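> fold the following for me, if possible:
(chains A, B, C and D)
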2 protein chains.
Amino acid sequence: MAQETSAQETSEGLTVAAALTLKDIAREAGVSLATVDRVLHNRPGVRPDTVRRVQEAIARNSFQPHVAAAELARGRARRFAFVMPSGPNPFMQQIEAYLGEMSTWLSARRLNVEMIATDVFDPSVLAASLEALSDDYDGVAVVALDHPGVRAAINDLVEAGTKVVTLVSDVPSSRRHHYVGIDNIAAGRTAGALVGRLVGLRSGKVAIVAGSQGLRDHAERIFGFNQVMASEFPGLGVLPVLEGRDEDERTEQGLTRLFGRHADIVGLYNVGAGTQGVANALSGAGRDKQIVFVGHDVTVLTRRLLLQGVMDAAISQNPGHEARAAVRVLLALARGEPILHEQEKIRIDIVMRDNLP
Amino acid sequence: MAQETSAQETSEGLTVAAALTLKDIAREAGVSLATVDRVLHNRPGVRPDTVRRVQEAIARNSFQPHVAAAELARGRARRFAFVMPSGPNPFMQQIEAYLGEMSTWLSARRLNVEMIATDVFDPSVLAASLEALSDDYDGVAVVALDHPGVRAAINDLVEAGTKVVTLVSDVPSSRRHHYVGIDNIAAGRTAGALVGRLVGLRSGKVAIVAGSQGLRDHAERIFGFNQVMASEFPGLGVLPVLEGRDEDERTEQGLTRLFGRHADIVGLYNVGAGTQGVANALSGAGRDKQIVFVGHDVTVLTRRLLLQGVMDAAISQNPGHEARAAVRVLLALARGEPILHEQEKIRIDIVMRDNLP
DNA sequence: CTCAAAATGAGTTGCGTACCTCAAAACACC
DNA sequence: GGTGTTTTGAGGTACGCAACTCATTTTGAG
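Numbering: from 1, shown residues only, chains lettered A, B, ... in the order given. You can find the predicted model right below:
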């Protein structure tokens, strides 16, 4: 490299230096501000030819409405609803807590977020809750059950102009604008790889505990888990799924029976909740340190179990990120801004003792 | 629960419903708009007693200036500089790519981000680059070397009112406003736990490859790694660190010699770059499938090695998240907004084949 | 009490857009 | 060529705040 080359070189900036305004576009296109405004918002009363001319001027200058100006001009605040499972659900509490932490951020942007607790496991109740929201909210985030009635309710909301994102649990066949959550098959695969790798050279059987195989996310995780076990760890026999309905007692009893019947269990995958029950069964059988135990989500309980070495890894989907991503996506949709997919994608976190967040 | 309880109940919203404005605060405090403005921006000429009254009114109503209005009113665009390592550094390319993906987001907010390539490993050059930025930029993100000269340059910038965040590599003793990056000791601990757990019941030695122990992040990772190995896997002997200067050839040669001397190596931790060299040495010795190999960062190469099973896990720090977090933090600092620490924290990602992003 | 300094009020302008009205121009149709 | 309709222009107001000027009031020192 030549000696006189400066040690510091600036690449050109990443954004246009000259910030054009609506007025500039109007001048460029040879029309008035009002017409540009009409084109920009798809309002009627502009000849197709004129529309084209304006759009070309916009594209030519890669014009972007100033977010702040647009936001200020529209005046009214936006309302978002979070439709979440009712009951003392730790997940809902976490989401709510994280939204609470955003409160200054939200109010500085004049955003109102409301939590709506409902029985998300009853399709008709959930659908009714959703139908009741139309017109009142600019955006809705919903922990959705995949059911025709729910799908219809979501589609109705979308039809009415409300922005809809599904949270944690998706309804892929609906017209929801976005899904904020993880790929549960990949999560199951990851769990399978972890159990298999951590078991190592030992041989034996692997147990699976799930809330219910009827839940889409649980079923998908089990599917992914079995996929990996079959293809990569054929030496480890997978026992039939134990359904514990996410309840501690039921899970503990079922597992204790299972441990009694099988002395050669070396790995355990807990797909849903009921973690305390799993831990009790493990310690009750005196096998909490020998059996590789992989579960989901970082809670107060799983955090403790990880630190104690009872649990070996948790597959986590960062509820804070999900809460913020849902809000950001709804806001971007409402503003007509592009979504930063890379940013809003929820990753499958592997959490072990030493990288506990 | 009583039968008439509705299935849907709305908790109160998370933000104040009535969006107060400066005018309301002025009325509340019994002062004029001008005085509120003076208090809000720490401008002189207000009696302490009045300041208190105004601040109380602000606090009582939890008033938040409307971000959009403030942004619009200040008029001029903001300029941020990213001071990054020069040379064909994949990390810099990734950061730049992710910033490029944000370009519409940035321009809609009238933000200008400029990349400044410099020799970050030469303290005096880096310090000079930083000094040259004063006054020109509202915020600076810098991949910083921890050196007295650099620290002074950072402090000068802060003194001049420029917001400064360190990126990837921190200068904790400086007055930088924020550090965007991971805890490298914890990253090293995580790597250690992974190597130890994945080795499983086998016994043998563990090798460490680093760029240089003089680099702060490398040294910290090694420290964390050794910590875990000593306390949790005392059966695995850790060999002295092999320094490969992040160069493929040097790394390959050194490792090949090491493999020759030690037939019982069961694990390998690559702290920095030179990954291709590691892979070559492993396959050259025919031990690519037996030795547990844990490294850092998800690149084209490590992705391939993970898929091939040569590499078992990568500790990653999501460059996209880092780029966006740096921008968001600089913007929040410039606006005087609070920082969402939970959001901006860079997590230590464990990436295995099945949760590759 | 006097006078300068400090504190405060009042007001203006501008930021870029949304949204509205009203009038003028262009157009289509017979 | 006249009619009615559609399209366009011109202009205004509002949004909430920043940043400034200038006049007025209050304060405190002597």
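
> how many neighbouring residues does the closest residue to chain B within the stretch 151-300 of chain A have?
Ranked by Cβ to the nearest Cβ, the top residue of the stretch 151-300 of chain A for proximity to chain B is residue A:200, at 2.8 Å. From N, CA and C alone the C-beta is placed, and that goes for glycine too. Residue A:200: 15 surrounding residues under other Cβ atoms under 10 Å in any protein chain shown.

> thought it was touching residue B:200?
Yes. Using Cβ atoms under 8 Å, residue A:200 is in contact with residue B:200, at 2.8 Å.

> tell me who's in contact with the residue of the stretch 151-300 of chain A closest to chain B.
If you count contacts by Cβ atoms under 8 Å, 6 or more residues apart in numbering or on different chains, residue A:200 has them with B:198-202.

> between those, which is nearest chain A?
Nearest to chain A, judged by Cβ to the nearest Cβ, of those is residue B:200 at 2.8 Å.

> gap between the closest one and DNA strand C?
Computed as Cβ to the nearest atom of the strand, to the nearest Å, the residue B:200 to DNA strand C distance reads 60 Å.

> that residue and residue B:228, how far apart?
The spacing between residue B:200 and residue B:228, counted by Cβ to Cβ, to the nearest Å, is 15 Å.

> residue A:99 now?
Residue A:99 is 36 Å from residue B:228, by Cβ to Cβ.

> then residue A:208?
Plainly put, residue A:208 is 30 Å away from residue B:228 if you go by Cβ to Cβ.

> which among the contacts of residue A:200 count as buried?
Among the contacts of residue A:200, those classed as buried by 16 or more other Cβ atoms under 10 Å in any protein chain shown are B:198-199.

> got any ranges where the stretch 201-350 of chain A has weak pLDDT?
Of all residues in the stretch 201-350 of chain A, none has pLDDT under 70.

> spell out which residues of it are next to chain B.
Counting by Cβ under 8 Å from any Cβ of the partner chain, the residues of the stretch 201-350 of chain A close to chain B are A:201-202, A:224, A:228, A:312, A:318, A:320-321, A:324, A:337-338, A:340, A:342-343, A:345, A:347-350.

> show me where the stretch 1-150 of chain A has helices.
According to DSSP state H, counting those that start in this stretch, the stretch 1-150 of chain A carries its helices in the segments A:22-29, A:33-40, A:48-60, A:67-74, A:90-101, A:103-108, A:123-131, A:148-159.

> what is the orientation angle of the second one with helix A:22-29?
Going back to what we said before, that points to helix A:33-40. For helix A:33-40 against helix A:22-29, the angle by axes from the mean of the first three to the mean of the last three Cα atoms, to 10 degrees is 90 degrees.

> what comes into contact with helix A:33-40?
Contacts to helix A:33-40, defined as Cβ under 8 Å, 6+ apart, come from residues A:22-23, A:25-26, A:29, A:43-46, A:50-51, A:54-55, A:58, A:65.

> can you check the first one too?
Helix A:22-29 is contacted by residues A:32-33, A:35-37, A:40, A:53-54, A:56-58, A:60-61, A:63, A:65 when judged by Cβ under 8 Å, 6+ apart.

> from those, which single one is nearest DNA strand C?
Closest approach to DNA strand C among the contacts of helix A:22-29 (Cβ to the nearest atom of the strand): residue A:65, at 3.9 Å.

> picking up where we left off before, as JSON lines, the helices of the stretch 1-150 of chain A with distance to residue B:272, mean pLDDT and mean neighbour count would be great.
Converted to JSON lines, the helices of the stretch 1-150 of chain A look like this (distance: least, Cβ to Cβ, whole Å; pLDDT from 0 to 100; neighbours: other Cβ atoms under 10 Å in any protein chain shown):
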{"stretch": "helix A:22-29", "distance to residue B:272": "49", "mean pLDDT": "84", "mean neighbour count": "17"}
{"stretch": "helix A:33-40", "distance to residue B:272": "50", "mean pLDDT": "84", "mean neighbour count": "18"}
{"stretch": "helix A:48-60", "distance to residue B:272": "44", "mean pLDDT": "83", "mean neighbour count": "15"}
{"stretch": "helix A:67-74", "distance to residue B:272": "40", "mean pLDDT": "88", "mean neighbour count": "17"}
{"stretch": "helix A:90-101", "distance to residue B:272": "34", "mean pLDDT": "86", "mean neighbour count": "17"}
{"stretch": "helix A:103-108", "distance to residue B:272": "36", "mean pLDDT": "89", "mean neighbour count": "20"}
{"stretch": "helix A:123-131", "distance to residue B:272": "50", "mean pLDDT": "91", "mean neighbour count": "20"}
{"stretch": "helix A:148-159", "distance to residue B:272": "48", "mean pLDDT": "94", "mean neighbour count": "18"}
